[in-house]
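Asks: whatever this is, show me its structure:
(2 chains)
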Number of protein chains: 2
Amino acid sequence: MNEYRTPKEFREICRNGLHTTHTSGVLPGYLQANLLILPSREAQDFVDLCYRNPVACPILAISKEDPTALDNEIFAKQGEVDIRTDFPKYNVYRGGHLISQKNNCNEEWNKNYIGFLIGCSYSFERALTIAGLCPKNITLGKNVAMFKTSKYLNPAGIFVNCCYVVSMRPYKPEDLQRVREITRKFKKTHGEPIDWGFDGAKRLGIHNILNPDYGDMIEILPTEIPVFWACGVTPQLAIETVGHLIEGPVVSHAPGCMLVCDAKDDFFCKNSSF
Amino acid sequence: MNEYRTPKEFREICRNGLHTTHTSGVLPGYLQANLLILPSREAQDFVDLCYRNPVACPILAISKEDPTALDNEIFAKQGEVDIRTDFPKYNVYRGGHLISQKNNCNEEWNKNYIGFLIGCSYSFERALTIAGLCPKNITLGKNVAMFKTSKYLNPAGIFVNCCYVVSMRPYKPEDLQRVREITRKFKKTHGEPIDWGFDGAKRLGIHNILNPDYGDMIEILPTEIPVFWACGVTPQLAIETVGHLIEGPVVSHAPGCMLVCDAKDDFFCKNSSF
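Replies: Okay, the predicted model is just below:
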């Protein structure tokens, strides 16, 4: 059995290939992050995409040239992180197609690549749990259910015709306002839901709520409605959409398999902008 | 004839009720701003709406308590601006309904209100003109054409089920990439288009491109396509959608009738985020 008490230790476990599955419920209380690594030539377009779609693609930190350093050490100190190895699992894309899943991307990384850490909705799951609104994926020990949508991102550069990916958690309608209020504070980790209810599923272009595009199927009881948050898998769908315009491989985390950071999950809740 | 050489002089002209129409083409080279004034109780919800939808609702400056002071003097120095009087025309809403248009909102303002200046796409029209891509609304001396869409904003607090408003300028398809590149730099004034073409109109839920919801009709030649930018009238449509939840009047500028600021129109182009 793998033992880990700190994010640093968990990252080492992943680096050694000893945890290769999703991180839902891992080290509750710590911020988790999504990943996109792409050639520097496309980096400005991606930064602009994130600026124009901060709910789906909130940039937390950037790694340039040195994959063992982030531009903000609050997430992980230099030398205590390696974005090529410290996620449990990686997706490798070429020409917009997923070509392999690996436990590291040492082969794909070179110094002309830039890595982006992006906020993850796991970061508010503890706050929901504390409030007595534990997400079902946690209680069931499953990955969260994620869906492609037909809700368009605001385009930026090569990123045209890209759509939101959403995570879905079922809740009782009477809990919706509390769920919205609790997650709203997590501004840099998708914040409050972007839609809800079966009408919301329709608006988002989700045709079969029992057949997620990523993650695990989560049952919705007759007393529940689906609640949808923007999801850090959105950049991966963007790569599937426009990846034919990008030379060389693009790497992301595998959906649900995040980097566990040193920062606490409520790190971004403390500074209100107003 | 009204003479004005500086934004400060133009604001005085408006303050004295001597310019009461749109500001397209007024003092080219200066930034123009949209307005929303609402009770402080709803201000945090609105700030969150803007944070989650920065392309439609980019906050430039805030005026609290004192309507002759902005929190950033780059737009207008204290005492040289009055947000109650310096827009050519105002819309007054109650319960989500437009109840009157006036040349000032002295009656509606009180110290429990907060005013938000929001970026305006007029700010990039000069750059387009310099590049030989002068928007038709300018050459025709008309207000820009604006449309309600069915593209949803990311919700925030009371602001649920609110949709984008877009401005439309016709261009030749072969000019689209240059138009995108030129306006892209204007990050705080809507940036590059959010959609284009007749397919884009369909995606946005615009059924009759010759019948704008705000501003003037602008003809589209057979050699042209419509190009759509997010528009600072979006907050007004949001007020129409959820205004029944707000006690007391809400005030905005009248569509196309902006505040002319001291800052230059390319002020936000200089600082790239990457």
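
Asks: helix, strand or coil for residue A:123?
Replies: Here residue A:123 is recorded as helix under DSSP: H, G, I helix; E, B strand; the rest coil.

Asks: skip the chain neighbours and tell me the closest residue to it.
Replies: Nearest residue to residue A:123, sequence neighbours excluded (Cβ to Cβ, 6 or more residues apart in numbering or on different chains): residue A:189, at 3.9 Å. Quick note: C-beta positions are derived from backbone N, CA and C, even for glycine.

Asks: how deep is that neighbour tucked in, by neighbour count?
Replies: Neighbour count for residue A:189, taken as other Cβ atoms under 10 Å in any protein chain shown: 29.

Asks: one more: residue A:68?
Replies: The number of residues near residue A:68, taken as other Cβ under 10 Å, comes to 16.

Asks: list the residues that contact it.
Replies: A:78, A:79, A:81, A:82, A:83 (Cβ atoms under 8 Å, 6 or more residues apart in numbering or on different chains).

Asks: nearest residue to the first one in space, please, no chain neighbours.
Replies: With sequence-adjacent residues excluded and distances taken as Cβ to Cβ, 6+ apart, residue A:78 is closest to residue A:69, at 4.4 Å.

Asks: in what helix or strand does residue A:199 lie?
Replies: helix A:197-203 (DSSP states H and E).

Asks: okay, now the domains of chain A?
Replies: Domain assignment for chain A, taken from automatic domain parsing, gives A:7-121+A:244-269, A:124-230.

Asks: how about the helix holding residue A:199 and chain B, touching?
Replies: Yes - residues of helix A:197-203 contacting chain B under Cβ under 8 Å from any Cβ of the partner chain: residue A:203.

Asks: that helix: how far from the chain's middle?
Replies: Relative to its chain's centre, helix A:197-203 lies at 22 Å (Cα atoms, centre = their mean, to the nearest Å).

Asks: and it, what does it pack against?
Replies: strand A:225-230 (3 or more Cβ pairs under 8 Å, 6 or more residues apart in numbering or on different chains; DSSP states H and E).

Asks: give the buried residues for the strand it packs on.
Replies: Using 16 or more other Cβ atoms under 10 Å in any protein chain shown as the test for burial, strand A:225-230 gives A:225, A:226, A:227, A:228, A:229, A:230.

Asks: starting at the chain centroid, how far to that strand?
Replies: 15 Å.

Asks: packing partners of the helix or strand following it?
Replies: Where DSSP H and E defines the elements, the next helix or strand beyond strand A:225-230 is helix A:234-242. Under the contact criterion of 3+ Cβ pairs under 8 Å, 6+ apart, helix A:234-242 touches strand A:30-39, helix A:43-52, strand A:90-94, strand A:163-171, strand A:250-253.

Asks: not counting residues beside it along the chain, what's closest to residue A:131?
Replies: residue A:182 (5.5 Å).

Asks: is it true that the one you found touches residue A:133?
Replies: Yes - at 7.0 Å, residue A:182 counts as touching residue A:133 under the criterion of Cβ atoms under 8 Å.

Asks: and stretch A:237-254, how far apart are its ends?
Replies: Taking Cα to Cα, to the nearest Å, stretch A:237-254 runs 12 Å from one end to the other.

Asks: same thing with stretch A:130-138?
Replies: End residues of stretch A:130-138 are separated by 13 Å (Cα to Cα).

Asks: mind checking the SS state of the residue nearest to residue A:131?
Replies: helix.

Asks: okay, now residue A:66: neighbour count?
Replies: Neighbours of residue A:66 using other Cβ under 10 Å come to 13.

Asks: for residue A:39, that is, sorry about that
Replies: 15.

Asks: wait, it sits on residue A:251?
Replies: No - with contact defined as Cβ under 8 Å, residue A:39 does not count as touching residue A:251 (10.6 Å).

Asks: enumerate the residues of chain A near chain B.
Replies: A:43-44, A:47-48, A:51-52, A:54-55, A:151-152, A:154-157, A:184, A:187, A:191-195, A:203, A:230, A:272-274.

Asks: quick one, what contacts the residue nearest to residue A:108 when sequence neighbours are not counted?
Replies: Nearest non-adjacent residue to residue A:108, counting by Cβ to Cβ, 6+ apart: residue A:249, 4.6 Å away. By Cβ under 8 Å, 6+ apart, residue A:249 lies in contact with A:92, A:93, A:94, A:99, A:108.

Asks: now swap in residue A:147 and tell me
Replies: Taking Cβ under 8 Å, 6+ apart, we find residue A:147 in contact with A:165, A:166, A:168, A:204, A:206, A:209, A:212, A:213, A:214, A:228.

Asks: who does it form a beta bridge with?
Replies: Under DSSP bridges, the beta-bridge partners of residue A:147 are residue A:166.

Asks: a markdown table please, covering the contacts of residue A:147 and showing distance to residue A:237 and pLDDT.
Replies: Converted to a markdown table, the contacts of residue A:147 look like this (distance: Cβ to Cβ, whole Å; pLDDT from 0 to 100):
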| residue | distance to residue A:237 | pLDDT |
| --- | --- | --- |
| A:165 | 5 | 97 |
| A:166 | 11 | 97 |
| A:168 | 15 | 97 |
| A:204 | 13 | 98 |
| A:206 | 13 | 98 |
| A:209 | 18 | 96 |
| A:212 | 13 | 97 |
| A:213 | 9 | 96 |
| A:214 | 9 | 93 |
| A:228 | 15 | 98 |
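
Asks: wait, which of these is closest to residue B:140?
Replies: residue A:204 (39.0 Å; Cβ to Cβ).

Asks: look at the spatially closest residue to that closest one that is not a sequence neighbour and give its secondary structure.
Replies: Closest residue to residue A:204 apart from its sequence neighbours, by Cβ to Cβ, 6+ apart: residue A:149 at 4.1 Å. Look at residue A:149: counting by three-state DSSP, its state is strand.

Asks: and residue A:149, how many residues sit next to it?
Replies: If we define neighbours as other Cβ under 10 Å, then residue A:149 has 23 of them.

Asks: with residue A:131 instead?
Replies: 13.

Asks: quick one: the residue most central in space within chain A and residue A:120, what's the gap?
Replies: For chain A, the residue nearest the mean C-alpha position is residue A:232 (3.1 Å; Cα atoms, centre = their mean). The spacing between residue A:232 and residue A:120, counted by Cβ to Cβ, to the nearest Å, is 5 Å.

Asks: and for these two, which residues touch both?
Replies: A:33, A:34, A:190.

Asks: specify the beta-bridge partners of the first one.
Replies: Taking DSSP bridges, one obtains residue A:119, residue A:259 as the residues bridged to residue A:33.

Asks: surely it touches residue A:75?
Replies: Yes - if you go by Cβ under 8 Å, residue A:33 and residue A:75 touch, sitting 6.9 Å apart.

Asks: between those two, which one's more packed in?
Replies: residue A:33 (28 against 21).

Asks: contacts only, for the more buried one.
Replies: Residue A:33 neighbours (Cβ under 8 Å, 6+ apart): A:60, A:61, A:75, A:117, A:118, A:119, A:120, A:232, A:258, A:259, A:261.

Asks: tell me the pLDDT at it?
Replies: On the pLDDT scale, residue A:33 is placed at 96.

Asks: residue A:77: neighbour count?
Replies: 13.

Asks: next: residue A:207.
Replies: Counted with other Cβ under 10 Å, residue A:207 comes out at 10.

Asks: could you measure from it over to residue A:184?
Replies: Taken as Cβ to Cβ, the span from residue A:207 to residue A:184 is 28 Å.

Asks: and what of residue A:68?
Replies: Look at residue A:68 and residue A:184: by Cβ to Cβ, they are 34 Å apart.

Asks: cool, and residue A:111?
Replies: Per Cβ to Cβ, residue A:111 is found 39 Å from residue A:184.
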